[in-house]
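Engineer: Here's my sequence, what's the structure:
(chains A and B)
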Number of protein chains: 2
Amino acid sequence: MTMKLEKNAAGRLVPTEVNRREAVPFQGLGEHRPQGRKAAPTIVSCLDFPADGNKRAANLRQALERVGLSDGMVVSSHHHLRNGDAVANMVFDTAAEMGVKDLMWFPSASFPVHANQLRHLDSGVIHHIEGSMNGPLGAYCSEGKMRGMGVLRSHGGRWQAIQDGEVHIDVAVIAAPAADPFGNANGLAGPAACGLLGFALADSIYAEKVVVVTDNLEPFPCLPWQIQGNNVDVVVEVDSIGDPSKIVSGTTQLTQSPDRRRIAELAARFCASAGIMRPGFSFQAGAGGTTLAFAIYLAELMRAAGVTARFARGGSTQHMVEMLEGGLVEYILDGQTFDLDGVRSMRDDARHQDTSPFTSYNFHGKGNFASMVDVAVLGATEVDLQFNGNVVTHSDGRLLHGIGGWQNCLAARCAMLLVPSFRDRIPVIVDEVTTLCGPGELIDVVVTERGIAVNPRRQDLLDAVTDSDLPIRPIEDLKSELDRLCGAPARPELSDEPVAVVKWVDGTVLDTVWRVG
Amino acid sequence: MTMKLEKNAAGRLVPTEVNRREAVPFQGLGEHRPQGRKAAPTIVSCLDFPADGNKRAANLRQALERVGLSDGMVVSSHHHLRNGDAVANMVFDTAAEMGVKDLMWFPSASFPVHANQLRHLDSGVIHHIEGSMNGPLGAYCSEGKMRGMGVLRSHGGRWQAIQDGEVHIDVAVIAAPAADPFGNANGLAGPAACGLLGFALADSIYAEKVVVVTDNLEPFPCLPWQIQGNNVDVVVEVDSIGDPSKIVSGTTQLTQSPDRRRIAELAARFCASAGIMRPGFSFQAGAGGTTLAFAIYLAELMRAAGVTARFARGGSTQHMVEMLEGGLVEYILDGQTFDLDGVRSMRDDARHQDTSPFTSYNFHGKGNFASMVDVAVLGATEVDLQFNGNVVTHSDGRLLHGIGGWQNCLAARCAMLLVPSFRDRIPVIVDEVTTLCGPGELIDVVVTERGIAVNPRRQDLLDAVTDSDLPIRPIEDLKSELDRLCGAPARPELSDEPVAVVKWVDGTVLDTVWRVG
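Structural biologist: Numbering: from 1, shown residues only, chains lettered A, B, ... in the order given. Modelled structure (predicted):
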């Protein structure tokens, strides 16, 4: 296949057509304005739904038949159950039994458990995947084995793509820890409780057909209705939607690494010294080991200074819940709950509000929460001298990580990357990132255990910390030290064959992932 | 103006074009299936909204200028503040100051306080009103003084019309008892607390521009966000959005009339005798004097029989809240709160869930709640021998009442009309209703103080109460008695000039309101 490539405003070579749709190359920050009107699902009628509200099908196959699953359709699923999810695998196993081919799988993210879909990619049940791919699926795509191109979108970008009609979902399948026969559903109860179902909200609104799969059917009304039954076509009961032990664990361990603890501490102290940690401020910190440690150091500094936050953005964990209950934060605006304390708090405490990519991240909305956050701390696989960030490929060019809400969070007033200097003896600071996921204009601070680099565009931050004892260093200086210690790494051997693209939050194509090997 | 009229499936003469849009005559129950796709608002971008989330304008005029209010636009407002609303009047007063003409006002309902708009109709600021009109506005329309035609839609029909693109709202103005500068809003707090803002939900989603007007601005985040700031363009603070004494009062007085108490008691006893009042059942009862009395009698019977309801549909009042708190009902699914006990309960009790016309009534959805309710008790101005009901005109043909959720509630498994035999010595049971609002096929029982008429289509109900001591009588028999007592009333003198139409829940035209006098 010959593919037309064009250099975008970030200097990256990107295809102008992706999976037979025209794709707009990245135009530069703030340069692309959308055209047209939002996607509009078909108008339906209550005449075609049971008056008693009972939408149950006997099993998943019957449900998929009822919604007319057929060749070439777009099927979505969601990652609320993380590596414990059983539903996406069931869906494609059932599609295979039904003899359906060439589906596009549109997950909000995929996990190692979804390696099950490799055989469906091989056999032709799945044509390609648009969504974050990590582990074996990422490797499959990186090696050029997928028939279509991977499209990596942020959580906000996924909402934007659905809302703008760039991706038309034929069948959304929503795994629901609690649901009623009408289709009202939430993630707050049952054996597979995961907190919220925000990643499925766009699908429930815009997909032509919506199937709710649950292992915990309640009588109507299932409250709260994070997913509204009025958007649901069919409800199916199964024995189990997932493995609880893998749903709410795995990312919530506090790091034991002294380097990472130092990174977290430096980042927290930076927030205090720079005046970001002021009364009524807000922060976003996820559940990775380093960011969790950051939140713990930050809480200590807040307590010492007598400062409380107006709100914190989750992923929530026990620690964030303790900050809420202890009065250090007034509200949690939560995108996902990473442990059962988070689930309980969201269920029982009105100050712990579930959010969705619409409220938090959608760039084609009337504002969103991401830009209202004072500081967001994030990870990265690479960062370069222009402060550009990479989060989806390793320095070997392989697609190995999901993009999540990372791009969206860069809109914060201060976006900080918390990164170790090395991974497997490979420096994290490079001349130029392998894959551009976030433009350097948006990345304000890079914190490593060897020092803190502040983006020269943020003279205000540099001024604010000038009298502190923080190890503020030019990024070039940090990079030189790392290169001296390890030697600058060889660049990966990449083909000129695109296997995936990375979209920016406005739907334009920011970069290309090239076939490896 | 010559108008093409056509006889619809209910035998009513209706215009085939309404306010320059083609209108589909009523096709019969279950006969009309919608075509096409839902309305789709213009795609917007965060680039055009402040990154800090502060969308405040200095005053209402500035807000209306910012959203580009101009001649011929459709402007919506909502009746959450009932007869205490100050905002709709402010909007049209401001539009008049701005010199804007020919607006279409699209309220979710209007109240006597909105007689203020008569001068804007006279002066040309408002071209016409599509929405329930009662009191002076109803009289204005009935007398043929409005330039366009009135269009009366049920609460569910209003959602359907917006969703289906039949009414495109240019500017929605939402009066909000609590809001933040981003536009998140609810009705639960502040001096004008009214409970919920469900009638504005469709507007917030589908209107091109959305203005939130509040007298109680809170720092972000205002929770819960019954209206999501991500759908809001501008926020304005004013001194007062309404008169609290008129917001949550007026419809919650228990009737003192012995006749009406008897009607309520008969209706409650009918529910018990017919087996409707069984464990886990559901009911809908509003806040009018008779229906409130019904709920009180029903509660007594439930207590005596040891029966609890799975859910009750409000409008909620203190009495319904007591049923919830006393364990007689498990959940309240509430469309509006009629008193401050309702507001408090909705704010503090997770079992008291706010709903919207989407969840409850929209007929062009994947089911709705109305058809899942075991019994709904409603009023009417007239009912005829075919069990057809009228709720918008009096027997003199004048448009004097709002249509509310009345049509939607007829979808209940048992729809009961609770009506006094006479009003002002005019019998309520007539040969043929002046204006057809609800087809007799859907009206199951008519309860008067002189007896209960069961629709012969509901042999199951007749069988169920056959051994009871309830005064079950053929409707013809009831009517004869009333006519004997009063004499059959003269039919109103109506012109052949349509002044308004009544839409059915599926968007078709059910009947015409003719100019009087």
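Engineer: Roughly how far does the closest residue to residue A:162 other than its chain neighbours sit from residue A:359?
Structural biologist: Nearest-residue entry for residue A:162: residue A:202, 4.5 Å, with adjacent residues in sequence omitted and distances by Cβ to Cβ, 6 or more residues apart in numbering or on different chains. Glycine gets a C-beta too; all of them are placed from N, C-alpha and C. In this structure, residue A:202 lies at 11 Å from residue A:359, with Cβ to Cβ, to the nearest Å as the measure.
Engineer: before we move on, what about residue A:239?
Structural biologist: Here the criterion is Cβ to Cβ. By it, residue A:239 lies 34 Å from residue A:359.
Engineer: from memory residue A:190 sits against residue A:178, does it?
Structural biologist: Yes. Under the criterion of Cβ atoms under 8 Å, residue A:190 makes contact with residue A:178 at 4.9 Å.
Engineer: Give me the common contacts of those two.
Structural biologist: With Cβ atoms under 8 Å, 6 or more residues apart in numbering or on different chains applied, the overlap between the contact sets of residue A:190 and residue A:178 consists of A:214, A:216.
Engineer: Compare neighbour counts for the two and give me the winner.
Structural biologist: Set residue A:190 next to residue A:178 and count neighbours by other Cβ atoms under 10 Å in any protein chain shown: residue A:178 wins out with 23 against 19.
Engineer: and the closest residue in space to the more buried one that isn't next to it in sequence, how many neighbours?
Structural biologist: For residue A:178, ignoring the flanking residues on the chain, the nearest one in space by Cβ to Cβ, 6+ apart is residue A:189 at 4.2 Å. Here the neighbour count serves as a burial measure; for residue A:189 (other Cβ under 10 Å) it reads 16.
Engineer: show me what contacts residue A:189?
Structural biologist: Contact partners of residue A:189, counting by Cβ under 8 Å, 6+ apart, are A:177-178, A:216, A:218, A:347.
Engineer: Please identify which of the residues you listed is nearest to chain B.
Structural biologist: Nearest to chain B among the contacts of residue A:189, counting by Cβ to the nearest Cβ, is residue A:347 at 8.8 Å.
Engineer: element containing that closest one, please.
Structural biologist: Under DSSP states H and E, the secondary-structure element containing residue A:347 is helix A:340-348.
Engineer: for that helix, what is the average pLDDT?
Structural biologist: Averaged across helix A:340-348, the pLDDT comes to 95.
Engineer: and residue A:57, what are its phi and psi?
Structural biologist: Backbone torsions of residue A:57, given as degrees, to the nearest 10, read phi -110, psi 160.
Engineer: nearest residue to it other than its sequence neighbours?
Structural biologist: residue A:63 (4.0 Å).
Engineer: Can you get me a residue count around that neighbour?
Structural biologist: The local packing of residue A:63 (other Cβ under 10 Å) involves 25 other residues.
Engineer: go on, residue A:364?
Structural biologist: Residue A:364: 23 surrounding residues under other Cβ under 10 Å.
Engineer: any idea how far it is from residue B:28?
Structural biologist: Distance of residue A:364 to residue B:28, given as Cβ to Cβ: 42 Å.
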